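*Asks:* pasted the sequence and its predicted model underneath.
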Amino acid sequence: MTFPQSSSSARPRKSPAVVIFLCFLAIVFDGYDLVVYGAIVPKLLAYEPWGLTPVETGAIGSYALAGMFIGAILIGYLTDIVGRRKVMMVSIAAFSSLMLLTAWAPTPELFGLFRFLAGLGLGGVIPTAIALTVEFSKSNRRNFNNALMFSGYAVGGILAALLALAFLPSLGFQGMLALGGIPLVTVVPLLFKYLPESPAFLAAKGDRANAERIVAEYGLELLPPARVHTDAPEPGRFRTLLTGRLLGAMILFCLAGICGQTLVYGLNTWLPQLMIIAKYSLASSLTFLLTVNIGAVVGVLVSSRLADRFGPRRVTAVAFASSGIALVLMGTGIMPLVAMYALVAVVGFGSVGAQILVNGFVATYFSGATRATALGITLGVGRIGAVLAISGGGVLVAAALGNFINFSVWAIAAGIGVVAVLTVPGLPDAATRGTTTGETPATDTTSNNTHH
C-alpha cells in the first residue's frame, strides 16, 4: 500500500504499513475471543466439577461484553490522554494475561471475573487500533486501510473455529482459552519494538519535535501549525463530543454501533442454529457461518475504497440496507441453495462489514484530538447491541415463530442503521478542520458538506 510523504526532501525510512499490520494482529485476538467462547460452550456445560447450566454459561459469556463496554469508553478516553502506544501495549498485555488466568480459574466465579477483566483490555484495543490506523494512513485510503486492518476480526474468528475443530477435543476449554495468551509473548514485544506513538498525540502534548520526527520517518502528512495558546480553558474531550452538533452525531453513531453489533453478534452466534431450524444440515450451517465472514472481508475491502472516494455515509447505509434485504429474502424459504450462499455472503458484508464502515466513518469524522474517545464511546455503547443480540436470539429461537420472522427480525436493526448513518449531521466547519488538525476531510456526496 502507498502512503503520502511529507514535504521534506528526505525519503521516509519506515513504512506506515508496519503500524497497520501491528494493529491487524491486535484485532485478530478480539475476533478469536468472540468465536472461541461459542466453541467451548459444549465443553463448559459438560464440565462436571462446575455443573454450569445453559443460563449460567450464557451469563458468563456476557461478562466479557460488559468489560468491553467499560473498557472501550474508559480506555478510549485514556488513549487521548496518555498516548496510543502505551494503551495498546498495556491493553493487549492485560487481556492476554487474563486469558491465561481464565484458563486456570479454579471456580466458575473466578472464571466469570477473569472474563470480565479480560473484556476491559479487549475493549481498549479496538479504538486504539482504529485511531492509529487512521493516523498512519493517507487521507484517501483511511477507510480502506481501516477495513484492511479490521479484517483481522474475521480472521481471528476463522482461526478460532479452525483451532477448535483441530484441538478442542484434546485441549479442552482451558487449552483453547490459554491460546489467547499468545499475544503476551508475540504481539506485545513487536509493539514495544516497532510501534511508534501518534504524532497528533505528541503534538497535542507539546512534544512537537518528536511528532515531526515521526512524521518525517513515516512520510506522513505534515502536522498543522502549532496552536496559539490563550488564557481561555479548553473544553474537555467528553464535553466537546457531547455538545452542539457533535452531540447529535455521537447519538447517531452510537445508534449505528448498536445496530452493527446487534447484527454481528446475533448472526455469528445464532445463524447456524437458525439454518438448522430452516432444515439445513449442521455441516451446511457451519459452512454458512464461514461464508458470512468471507463475505464480510471481501465486501468491506471493496466498499471501503468507495467510502474513501465518495464518503462513508452512503456506502455505510448501503451496507446496512443490503443485509436487511438479504435477511428478508432468506426468510422467504424460496431461495435455492446457491442463492442462499450468496445472500449469506451479503449478510456478512452488511453486518461485520457495516460495523467496520461505521468505525471508519467515526474515525474520519472526528479530529485527532477526540478520535479515540469518540471511537471508545461508539464501540462501548454499541455493546448494548451485542448483549441484546445474544440474549434476544435465544428468546427468538425458543419462541419458534417460523423461518420468516427468524431471519427478517434482524432486518429491523439494519433498517435503523440506515436511518442513523444517513442522518448524522454535517460539519459546516469541516473545511477548516482539515487545517487545524492536519488531516484532509473526505468529500461525502450525500450532502453539501464535507466530512473530515
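*Replies:* Thanks, I have the structure now.
*Asks:* which residues does Ala387 contact?
*Replies:* In this structure residue 387 is Val, not Ala. Contact analysis of Val387 by CB atoms under 8 Å, 6 or more residues apart in numbering lists 62, 65-66. For the C-beta atoms, the positions are set from N, CA and C on the backbone; glycine is no exception.
*Asks:* tell me the SS of it?
*Replies:* Three-state assignment for Val387 (DSSP: H, G, I helix; E, B strand; the rest coil): helix.
*Asks:* so for Pro225, what's the pLDDT?
*Replies:* Listed pLDDT for Pro225 reads 63.
*Asks:* ok, back up a step: from the contacts of Val387, which shows the smallest pLDDT?
*Replies:* Sorting the contacts of Val387 by confidence puts Ser62 at the bottom, with a pLDDT of 76.
*Asks:* which of the contacts of Val387 lies closest to Ile294?
*Replies:* Of all the contacts of Val387, Leu65 has the smallest distance to Ile294: 24.7 Å, by CB to CB.
*Asks:* one step back: now, the contacts of Val387 that are in helices?
*Replies:* Taking DSSP state H, the ones among these that sit in helices are 62, 65-66.
*Asks:* quick one: which of those residues has the most company?
*Replies:* Leu65 (23 neighbours; other CB atoms under 10 Å).
*Asks:* and it, what does it touch?
*Replies:* If you count contacts by CB under 8 Å, 6+ apart, Leu65 has them with 119, 383, 386-387, 390.
*Asks:* measure it to Ala399 for me?
*Replies:* Leu65 sits 23 Å away from Ala399, taking CB to CB, to the nearest Å as the criterion.
*Asks:* dump the ones in helices among the contacts of Val387 into JSON lines; add distance to Pro336 as well.
*Replies:* Listed next are the ones in helices among the contacts of Val387 as JSON lines, based on distance: CB to CB, whole Å:
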{"residue": "Ser62", "distance to Pro336": "37"}
{"residue": "Leu65", "distance to Pro336": "36"}
{"residue": "Ala66", "distance to Pro336": "42"}
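*Asks:* of all those, which comes closest to Ala354?
*Replies:* Leu65 (18.9 Å).
*Asks:* how close does that closest one get to Arg208?
*Replies:* 40 Å.
*Asks:* ok, Leu44 next?
*Replies:* Where Arg208 is concerned, Leu44 sits at a distance of 52 Å (CB to CB).
*Asks:* my guess is Met250 contacts Leu375. True?
*Replies:* No. The pair Met250 / Leu375 is not scored as a contact, 10.9 Å apart, by CB atoms under 8 Å.
*Asks:* helices along the stretch 151-300 of the chain, start to end?
*Replies:* Along the stretch 151-300 of the chain, the stretches classed as helices by DSSP state H, counting those that start in this stretch are 182-185, 187-194, 199-204, 208-218, 237-241, 244-277, 282-310.
*Asks:* so which of those comes closest to Asn146?
*Replies:* helix 282-310 (6.9 Å).
*Asks:* what's the spacing between that closest one and its chain's center?
*Replies:* On the basis of CA atoms, centre = their mean, to the nearest Å, helix 282-310 is displaced by 14 Å from the centre of the chain it belongs to.
*Asks:* orientation of that helix relative to helix 244-277 in degrees?
*Replies:* Relative orientation of helix 282-310 versus helix 244-277 (axes from the mean of the first three to the mean of the last three CA atoms, to 10 degrees): 160 degrees.
*Asks:* what about the strands in the stretch 351-452 of the chain?
*Replies:* Shown for the stretch 351-452 of the chain, the strands assigned by DSSP state E, counting those that start in this stretch span residues 442-443, 450-451.
*Asks:* where among those is average confidence lowest?
*Replies:* For the strands of the stretch 351-452 of the chain, mean pLDDT drops lowest on strand 450-451, to a mean of 36.
*Asks:* returning to what we had before: Met250 and Leu375: who's more crowded?
*Replies:* Ranked by neighbour count (other CB under 10 Å), Met250 and Leu375 place Leu375 first, with 28 against 23.
*Asks:* tell me the spacing between the closest residue to that one other than its chain neighbours and Ala203.
*Replies:* Spatially, and ignoring its direct neighbours in sequence, Leu375 is nearest to Pro127 (3.6 Å; CB to CB, 6 or more residues apart in numbering). Per CB to CB, Pro127 is found 20 Å from Ala203.
*Asks:* between those two, tell me which one has more neighbours.
*Replies:* Ranked by neighbour count (other CB under 10 Å), Pro127 and Ala203 place Pro127 first, with 33 against 24.
*Asks:* can I take it that the more buried one is in a strand?
*Replies:* No. Counting by three-state DSSP, Pro127 is not found in a strand; it is helix.
*Asks:* contact partners for it?
*Replies:* Going by CB under 8 Å, 6+ apart, Pro127 touches 72, 75-76, 79, 372-373, 375-376, 379.
*Asks:* of those - the most surrounded one?
*Replies:* With neighbours taken as other CB under 10 Å, the top of the contacts of Pro127 is Ala372, carrying 34 neighbours.
*Asks:* Leu117 is in contact with Ala105, correct?
*Replies:* No. Using CB under 8 Å, Ala105 is not in contact with Leu117; the gap is 11.2 Å.
*Asks:* now Phe29, nearest residue through space, not along the chain?
*Replies:* Nearest to Phe29 is Pro183, by CB to CB, 6+ apart, at 5.4 Å.
*Asks:* and Ile334, that's in a strand?
*Replies:* No. Going by three-state DSSP, the assignment for Ile334 is coil, not a strand.
*Asks:* quick revisit: and the helices of the stretch 151-300 of the chain, which one's lowest on average pLDDT?
*Replies:* helix 237-241 - the lowest mean pLDDT of the helices of the stretch 151-300 of the chain, at a mean of 64.
*Asks:* contacts only, for Leu101.
*Replies:* 110, 114.
*Asks:* quick check: pLDDT value at it.
*Replies:* Leu101 is assigned 95 on the pLDDT scale.
*Asks:* with the one 5 residues further on instead?
*Replies:* Note on Pro106: pLDDT of 94.
*Asks:* swap in Asn449?
*Replies:* Listed pLDDT for Asn449 reads 37.
*Asks:* same deal with Val424?
*Replies:* At Val424, pLDDT is 92.
*Asks:* ok, it - how many residues close by?
*Replies:* By other CB under 10 Å, the residues close to Val424 number 26.
*Asks:* ok so, going back, right, and the helices of the stretch 151-300 of the chain - which one's nearest Leu168?
*Replies:* Leu168 lies closest, by CB to CB, to one member of the helices of the stretch 151-300 of the chain: helix 282-310, at 13.8 Å.
*Asks:* can you pull out the low-pLDDT segments for the stretch 51-200 of the chain?
*Replies:* The stretch 51-200 of the chain contains no residues with pLDDT under 70.
*Asks:* for Ser117, give its distance to Phe167.
*Replies:* Residue 117: Leu, not Ser. To Phe167, Leu117 is 25 Å away according to CB to CB.
*Asks:* between those two, which has more neighbouring residues?
*Replies:* Neighbour comparison, Leu117 and Phe167: the larger count goes to Leu117, with 19 against 13 (by other CB under 10 Å).
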